[in-house]
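Colleague: Have a look at this prediction, sequence included:
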Amino acid sequence: MISQMKSGKTNRSLERGIEILRAFRPGSYLLGNSEIAERAGLAKSTVSRLTQTLVSTGILEFDSEQRAYRLAPATLSFAHSMRTGSQVLQLIAPKMRALAESHGINVGLAAADRDEMVYLESIRYKRRVAFRNVVSGQRVPMELTSLGRAYLSTLSLKERKPLYKIFRQRRTALWQISLLKDIEKCISDIQTKGYCAASWQPGVVAVAAPLYIHGTTYALNTSLTTSENYCDVVKKLTLPLQELLREVSELTEI
């Protein structure tokens with residue numbers, strides 16, 4: 001659904017066009033007007049008009065056989081421009097890679113987008129085939145991950161409440177059993193220790209902390225796929241994370 005903008009100066013047609021683009025996610029290569037309308041929370045007539053505009057401007061492609069739309073190549077160039085032009089990535093990515101190689105761990109940098117986290121960079125140290133392959137641009141759940149919980153720790157309770165409502169609706173059973181408690185513990189850990197830990201995928205342990213650069217909030221994590229004891233792995237991951245946070249802080253002060 002379209003988020004509520006309070007400034008009163010936004011362009012509604014542009015907002016709706018962006019919501020259409022947001023409807024395309026991994027596993028949603030082709031979408032018809034009805035599917036887009038449902039995902040974007042828009043009237044089908046509005047979607048039909050705007051998809052035609054997006055096709056004419058080269059942002060979407062129309063598959064006449066499937067009667068559906070796909071993202072056009074131009075959208076990939078936007079992501080490439082963002083990555084190559086990001087001063088944050090230029091500063092941090094080399095440090096992330098060096099840390100991953102020296103400690104034999106995975107290192108990730110992510111930012112929030114609504115109720116999810118988006119990886120800006122992911123250095124996967126172990127190249128063996130595994131069930132989990134994280135790449136730049138990939139989204140992960142905010143409520144389940146150490147990255148997401150580190151980000152949530154930077155928000156006020158008032159700011160977290162709308163997100164909690166989404167999490168509760170998305171994972172009703174888990175929310176009632178343990179999810180809220182787990183999130184609040186991570187927030188407390190960030191406040192007292194400076195980091196939090198989570199294991200939302202079997203065998204994967206991650207430790208994360210919020211990172212502030214030039215007024216923007218990011219989340220930085222270290223992780224391992226391992227069968228070792230959870231607490232031992234958390235200790236193993238924490239020191240490299242703290243080391244990287246110190247190095248990044250020194251870089252961004254220049």
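Modeller: Looks like it came in fine.

Colleague: When you work out contacts or count neighbours from here on, use the C-alpha atoms and nothing else.
Modeller: Will do.

Colleague: can you pull out the strands in the stretch 1-150 of the chain?
Modeller: Along the stretch 1-150 of the chain, counting by DSSP state E, counting those that start in this stretch, strands occupy 60-63, 68-71, 106-113, 116-123, 139-141.

Colleague: Figure out the length between the terminal residues of stretch 22-39.
Modeller: End-to-end span of stretch 22-39 (Cα to Cα, to the nearest Å): 9 Å.

Colleague: oh, I was asking about stretch 22-35
Modeller: Using Cα to Cα, the span of stretch 22-35 from its first residue to its last is 12 Å.

Colleague: Show me the contact partners of that stretch.
Modeller: If you take Cα atoms under 8 Å, 6 or more residues apart in numbering as the criterion, stretch 22-35 is touched by 36, 39, 40, 44, 47, 48, 51, 67, 68, 69, 70, 71.

Colleague: wait, which of the residues you listed is closest to residue 168?
Modeller: Checking the contacts of stretch 22-35 against residue 168 by Cα to Cα gives residue 39 as the nearest, at 19.0 Å.

Colleague: do you know how far the closest one is from residue 26?
Modeller: Residue 39 sits 14 Å away from residue 26, taking Cα to Cα as the criterion.

Colleague: Okay, and the beta partners of residue 123?
Modeller: Using DSSP bridges, the bridge partners assigned to residue 123 are residue 107.

Colleague: what's the answer for residue 206, then?
Modeller: Each beta-bridge partner of residue 206 is listed here, defined by DSSP bridges: residue 198, residue 223.

Colleague: That one contacts residue 224, doesn't it?
Modeller: Yes. Proximity of residue 206 to residue 224 meets the contact threshold set by Cα atoms under 8 Å, at 6.6 Å.

Colleague: These two: who's more crowded?
Modeller: Neighbour totals were compared for residue 206 and residue 224, and residue 206 leads with 26 against 23 (other Cα atoms under 10 Å).

Colleague: just to revisit the earlier point, let's have the contacts of stretch 22-35 in TSV, adding pLDDT, distance to residue 103 and neighbour count.
Modeller: Formatted as TSV, the contacts of stretch 22-35 follow (pLDDT from 0 to 100; distance: Cα to Cα, whole Å; neighbours: other Cα atoms under 10 Å):
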residue	pLDDT	distance to residue 103	neighbour count
36	98	44	25
39	96	42	16
40	96	43	22
44	96	52	16
47	98	49	24
48	97	52	15
51	98	48	23
67	96	50	11
68	98	47	18
69	98	44	23
70	98	41	18
71	97	39	21
